[in-house]
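Colleague: Sequence and predicted structure are below.
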Amino acid sequence: MKKIYAQKEVCIGCHLCEVACVTAHSKTKDTILAHNVEKARDGLTPRRNVAQEGPVCVALSCRHCEEPMCVAACISGALTKNPETGRCEYNEEQCVGCWSCLMACPFGSIRRHPLKEKIVKCDLCAGRDMPACVEACPNAGLIYEDRGSD
Amino acid sequence: MKYVIVGNGVASVGAIEGIRRVDSEGEILVISEENTPTYGRPLISYLLAGKIGPERMPLRPVTFYDKFKVKMVLGTKVTAIDAATKTVTIADGHAYHYDKLLIATGGVPFVPPLPGKDGPGVYSFTTLANAETLVEVARTCKDVVVVGGGLIGLKAAEALHDRGVKISIVELAPRVLSAAFDDKAGGLVAKRLEEVGIGVHCGTQATEIKRDASGQVTGVTLKDGTFLPAQAVVIAIGVVPASVLAKEAGIKVDRGILVDDSMASSDPDVYAAGDVAQAHDLILDVNRVVPIWPNAFNQGFYAGKNMAGDQSPYSGGLAMNAIAFYGLPTVSVGTVNPAPGEPGMEVYDSLDEERGTYRKLVFKDDRLVGYVLLGDIDVAGLYTGFIRFKFPLDEVTKDKLIKGQPSILQWPEGFFDEQFNPVGAHEIV
């Protein structure tokens, strides 16, 4: 399957991936409204986040693991591995906010929703051909391609 | 190939998904004593609290069993396994042949020999049926005593309290959550419970369940002489592996069914997974029973893959619990209560009572082996990574972990690219 691969050698820490992620997951799809209105009102938050340690930075998100720990830990059936697409899918309706996945994911890719007892994670921009973060990256720090893993 | 799975909890679902990764055609038969498709067992406390309805219980969509070509025999007890003829027999005498068998029968609630325990008004809290019963109990009872201050007991208490029942918790240990937490963390949780009006009695034990002339529960007497009036009692001390079937079939059982890294028991065609299995533990490097949800799924998944002919060793389980009490989120992973004076162990903790947050890290030699977080849990997964991948830590990194600042960029050189950017990592000239 196609996944997003992060290049820490080329990431410049501009956070444009986060901006694009928020816009892509907003209701209005408008960058300004998404950030100035929907963030505060709906708890809209980026699924990809830039990690920084000294001069090194990289933009991280769900790896859509072949054997996801989050799916193993999910008590409600909200997280599942789609056998056809390989994606780790999240159904917010099912989630009870128990935080088991947040604890189990050894990559720290799952976050709490700022307002609701729900989690937030990358969906590889379901419905788009190219994930918004990859498209927005000015330095090819994120690459979306098939490297042969599920 | 014919697979039979006894039990229909999360280990069973893991096994179905594991088998189908390898074998898309083999016949899978699930036989379960419970009469519903697999549900999220920990959700029973959410159901009892009225936070979710029964429609939210199923762990997989209704189409799951058809899609994965699984036949179900529900509400049926397996009475015997014959490892020589490779058959399982159910209560009505019908026998099913298997090529590979998975025992995923889970655990049964442990009920101590407490005077007055037999009769109406005494309940367990491990099944959907238990939860449905307790919904009715909450309608008719004013006071309920919960015996056992572990995770199950506390969640039962919280849920019944949400239904307007006055609750008292009785715990033998000096604090609640004695296995997963330490004094400070247990104390914070107990404080939260007492704030909402739940009675917490630690360091004592129930000595008798009192009944009136008609046999109805009237209350519980404690060792310290206290009498707690109650119309019902929930016993939630723990579960023991449901390993009788295996034992009777001549399969090697210690505390649970002993399994190797392929999850096979002493009989190479019989596998075990979940709360019934005594499997490899990642941190302690021994086989032990750790009856928690993620381990059960993973063990089932690996059992399934290996049953279907794959060579997929189970990497070992990691004790972990995430649970919230009245909005106080908590996470506990790995070794959190090292014995005093255990060589190589270092413990760092910081408590902020005002904010209700607590962080405790346990290191062994130069590795992280356990942690507890209360309140502020957002970086939990990153800590879990340091434990799971067993990274050796230099002083700078260790200090950052202690300060609550773990980062993937603290990983050893090379490991990041293996995980996030395998093959074809771009070379920058």
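Modeller: Everything's here; your move.

Colleague: Which residue lies nearest the spatial centre of the chain?
Modeller: In the absence of a named chain, chain A is used. Chain A has A:Cys122 as the residue nearest its centroid, 2.4 Å off, counting by Cα atoms, centre = their mean.

Colleague: um, chain B though
Modeller: Nearest to chain B centroid, counting by Cα atoms, centre = their mean: B:Ile292, 2.3 Å.

Colleague: Enumerate every residue touching it.
Modeller: Contact partners of B:Ile292, counting by Cβ atoms under 8 Å, 6 or more residues apart in numbering or on different chains, are B:Gly317, B:Ala319, B:Met320, B:Asn321. Bear in mind the C-beta positions are built from the backbone N, C-alpha and C, glycine included.

Colleague: Could you find the closest non-adjacent residue to the third one?
Modeller: Spatial nearest neighbour of B:Met320, excluding adjacent residues (Cβ to Cβ, 6 or more residues apart in numbering or on different chains): B:Val333 at 4.3 Å.

Colleague: Kindly report the same for the first one.
Modeller: Spatial nearest neighbour of B:Gly317, excluding adjacent residues (Cβ to Cβ, 6+ apart): B:Asn295 at 3.8 Å.

Colleague: per-domain residue ranges of chain A.
Modeller: A:1-61+A:128-144, A:64-121 (automatic domain parsing).

Colleague: how long is the longest one from one end to the other?
Modeller: Terminal residues of domain A:1-61+A:128-144 are spaced 10 Å apart (Cα to Cα, to the nearest Å).

Colleague: How far away from the center of its chain is that domain?
Modeller: Taking the mean of its C-alpha atoms, domain A:1-61+A:128-144 sits 8 Å from the chain's own mean (Cα atoms, centre = their mean, to the nearest Å).

Colleague: Now for the residue nearest to B:Gly274 when sequence neighbours are not counted: which residues touch it?
Modeller: Excluding its sequence neighbours, the residue lying closest to B:Gly274 (Cβ to Cβ, 6+ apart) is B:Ala11, at 3.1 Å. Going by Cβ under 8 Å, 6+ apart, B:Ala11 touches B:Leu102, B:Ala104, B:Gly106, B:Ala273, B:Gly274, B:Asp275, B:Ala277, B:Ala296, B:Phe297, B:Gln299, B:Gly300, B:Ala303.

Colleague: Just put the residues you listed in TSV and tack on secondary structure, neighbour count and pLDDT.
Modeller: Below are the contacts of B:Ala11 laid out as TSV (DSSP: H, G, I helix; E, B strand; the rest coil; neighbours: other Cβ atoms under 10 Å in any protein chain shown; pLDDT from 0 to 100):
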residue	secondary structure	neighbour count	pLDDT
B:Leu102	strand	34	98
B:Ala104	coil	29	98
B:Gly106	coil	26	97
B:Ala273	coil	36	98
B:Gly274	helix	34	98
B:Asp275	helix	30	98
B:Ala277	strand	36	98
B:Ala296	helix	30	98
B:Phe297	helix	29	98
B:Gln299	helix	33	98
B:Gly300	helix	32	98
B:Ala303	helix	34	98
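
Colleague: Run through the residues of the stretch 301-429 of chain B sitting next to chain A.
Modeller: B:301, B:320, B:322-324, B:329, B:331, B:333, B:377-382, B:384-385, B:388-389, B:406-410, B:416-417, B:419-426, B:428 (Cβ under 8 Å from any Cβ of the partner chain).

Colleague: typo on my end, it should be the stretch 51-200 of chain B
Modeller: So the stretch 51-200 of chain B meets chain A at B:Lys51, B:Ile52, B:Arg56, B:Pro58, B:Leu59, B:Arg60, B:Pro61 (Cβ under 8 Å from any Cβ).

Colleague: Between these, which sits nearest B:Glu171?
Modeller: B:Lys51 (24.4 Å; Cβ to Cβ).

Colleague: Quick check, the closest one in contact with A:Val96.
Modeller: Yes. With contact defined as Cβ atoms under 8 Å, B:Lys51 reaches A:Val96; the gap is 7.1 Å.

Colleague: These two: who's more crowded?
Modeller: Using other Cβ atoms under 10 Å in any protein chain shown as the criterion, B:Lys51 and A:Val96 rank with A:Val96 on top: 21 against 15.

Colleague: just to revisit the earlier point, for the residue nearest to B:Gly317, what are its contacts?
Modeller: Counted by Cβ under 8 Å, 6+ apart, B:Asn295 has contacts B:Gly274, B:Ala279, B:Gly317, B:Leu318, B:Ala319.

Colleague: The residue of the stretch 251-400 of chain B found nearest chain A and B:Ser45, how far apart?
Modeller: Distances between the stretch 251-400 of chain B and chain A by Cβ to the nearest Cβ are smallest at B:Gly385, namely 3.4 Å. Separation of B:Gly385 from B:Ser45 (Cβ to Cβ, to the nearest Å): 28 Å.

Colleague: and the two? which has more neighbours close in?
Modeller: Neighbours were counted for B:Gly385 and for B:Ser45 using other Cβ under 10 Å; B:Ser45 has more, 26 against 22.

Colleague: And for B:Ser214, the neighbour number?
Modeller: 6.

Colleague: which stretches of chain A form strands?
Modeller: A:2-6, A:49-53, A:56-60, A:79-81, A:88-90, A:111-112, A:119-120, A:142-146 (DSSP state E).
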